[in-house]
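Engineer: Next come a sequence and a model predicted from it.
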Amino acid sequence: MSGNLLIYAIQSNDINIVRYVINVGINIKYQQNFTILKNIIYKNNFDLLKLFVPEYFDVNSRDEEGYSLLQYAIRIRNSSIIVFLLKLGAQKNNIENLSYNEMKYFIKNEDILGILLSLEYNHKKFNEEEFKSLIIDAINTENVTIIQYIINILAMDLNITIKNVRCSPLIWAIRIRNIQVVKSLIEKGANINFVDEEGNIPLISAIENHHSHLIYYLVEKGVEVNSSMDINHHIHTPLSYILSQKNNYYFKCHMDEYQSILKHLIDAGAIINDEIVLKVCIDYEDEEFLSYLKEKGVSIPSVMIHYANFKGNKTMANLILNNNESLQKENGQTPLLLKAIKDNNEEFLKYLIEKGITIKNKNENDDTLLKKVMKKRNINMIELLVHHNILQQDQVCSYNSILSLIGQYDKELAVAYAFKIDNISYIEKEYKN
């Protein structure tokens, strides 16, 4: 009966009542059973526990199922009680069966974690993915001391992909935007150029997460500034990704900051005549940055004019063409002209001619534009060349002489062209033959 009285007193959660019951002469040692201890722990009453342990109960007491005080304290996750029991000498084997979720909880508490480490806690029973995930749990605390504790105890390679977050530890740290955590990982061996299994790259991830200080830090540490990454099914370098975000609200609000980052990346060696960068300039009609690239001495390939025209961006096509003297000085037929003919692109051919691009009918192999157009069987392009007097450079001055040349190559094409220009006499002559 006296044992029940003690349990009732404990359930009251009032230390004064418990003291009174003890003082009236209950034989505590005789009543020593785990029900008393379990009630104290589940009441989460630290003061009551200190009253009974270690004076009346051994710190390593266990119930009939073999569970210890420490294991029950772990269940209710009371940091004060756990630390108290561990400091009193709760045996190491009391914590050998900690679950992964319980270990995750301890990672959040620097005091408990330190004690576990001092006890040489056996973490090797976790499966591989749980083992790897502990570093992510540590990073989530944003506590550098805890992170370094975990890295030391796990002795793990940081250049891996953690499946449950689908990225490397360094990328995860970048995403939580804590530069001190990032620095601690790099100091512990995280590679600033490591590409994880999902294709994530630290520098571009820093840009994605709007962390300018981290961008400068990574550049200072020698990060690869010309790396590329697939973002929403588009391949981007750090330069091209920043340029592609000009319509993003955050980037708009911090435009000056990102212009400085662009120039800093270029100073650090970012390739500015990279095709990806130039295409993004054209896609987003960034005339200002394209002009900046020109000032930096970028040689914009002629194919970019074709790309701008293909995207329907005449302004950008004009900007490239007007500033690209090499297009006007090329010997023979220009690549742009040949590209227009090869693609049967009448609109682009017309655009080039109207812009006054230097066009020679013959190349060094005496291969004429007319022959190239005839191979495409495009009578509209033939008419375009004739209309702009391009073919007269070969002294092909009349429609009849042009028809004769076409007829030597392809009579059906010549007749089709005759219909195009309403040359009835040529049509009648061919039908008589």
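Structural biologist: On my side now, so go ahead. Residues are numbered from 1 along each chain as shown.
Engineer: my guess is residue 274 meets residue 236, correct?
Structural biologist: No - using C-beta atoms under 8 Å, residue 274 is not in contact with residue 236; the gap is 10.5 Å. No exception for glycine: its C-beta is placed from N, CA and C like everyone else's.
Engineer: More neighbours: which of these two?
Structural biologist: residue 236 (24 against 16; other C-beta atoms under 10 Å).
Engineer: Pull the number of nearby residues for residue 257.
Structural biologist: Using other C-beta under 10 Å, residue 257 has 13 neighbouring residues.
Engineer: Which pLDDT value goes with it?
Structural biologist: The score at residue 257 is 84. That number is its pLDDT.
Engineer: Helix, strand, or coil at it?
Structural biologist: When classified by DSSP: H, G, I helix; E, B strand; the rest coil, residue 257 comes out as helix.
Engineer: ok, now which ones touch it?
Structural biologist: residue 212 (C-beta atoms under 8 Å, 6 or more residues apart in numbering).
Engineer: could we number from 220 for the rest of this?
Structural biologist: New numbering, starting at 220: the last item is residue 476.
Engineer: Walk me through the domains of the chain.
Structural biologist: Domain assignment for the chain by automatic domain parsing gives 220-316, 319-419.
Engineer: outside of stretch 401-415, which residues touch it?
Structural biologist: 358, 363, 366-367, 370, 376-380, 386-390, 392-393, 420-422, 433, 436-437, 440-443, 446, 448.
Engineer: what about that stretch, start to end distance?
Structural biologist: Criterion C-alpha to C-alpha, to the nearest Å; first-to-last residue distance in stretch 401-415 is 16 Å.
Engineer: again, but for stretch 513-530
Structural biologist: So stretch 513-530: terminal residues 21 Å apart, C-alpha to C-alpha.
Engineer: now the residue nearest to residue 424 when sequence neighbours are not counted: how far from residue 560?
Structural biologist: Distances taken as C-beta to C-beta, 6 or more residues apart in numbering place residue 393 nearest to residue 424, at 4.8 Å, with adjacent residues excluded. Going from residue 393 to residue 560 by C-beta to C-beta, to the nearest Å gives 48 Å.
Engineer: pLDDT below threshold where in the stretch 270-419 of the chain?
Structural biologist: Along the stretch 270-419 of the chain, segments meeting pLDDT under 70 span 310-319, 321, 329-347.
Engineer: now the helices for it?
Structural biologist: 288-295, 298-306, 319-326, 329-337, 347-359, 363-373, 388-394, 398-406 (DSSP state H, counting those that start in this stretch).
Engineer: do you know which of those lies nearest residue 569?
Structural biologist: helix 388-394 (48.9 Å; C-beta to C-beta).
Engineer: would you put the C-alpha positions of the closest one in CSV?
Structural biologist: What follows is helix 388-394, C-alpha atoms only, in CSV (Å, rounded to 0.1, in the frame of the first residue of the first chain):
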residue,chain,number,x,y,z
PRO,A,388,26.2,18.3,-48.7
LEU,A,389,27.8,21.5,-50.1
ILE,A,390,24.9,22.2,-52.4
TRP,A,391,22.5,21.7,-49.4
ALA,A,392,24.5,24.2,-47.4
ILE,A,393,24.4,26.7,-50.2
ARG,A,394,20.6,26.3,-50.4
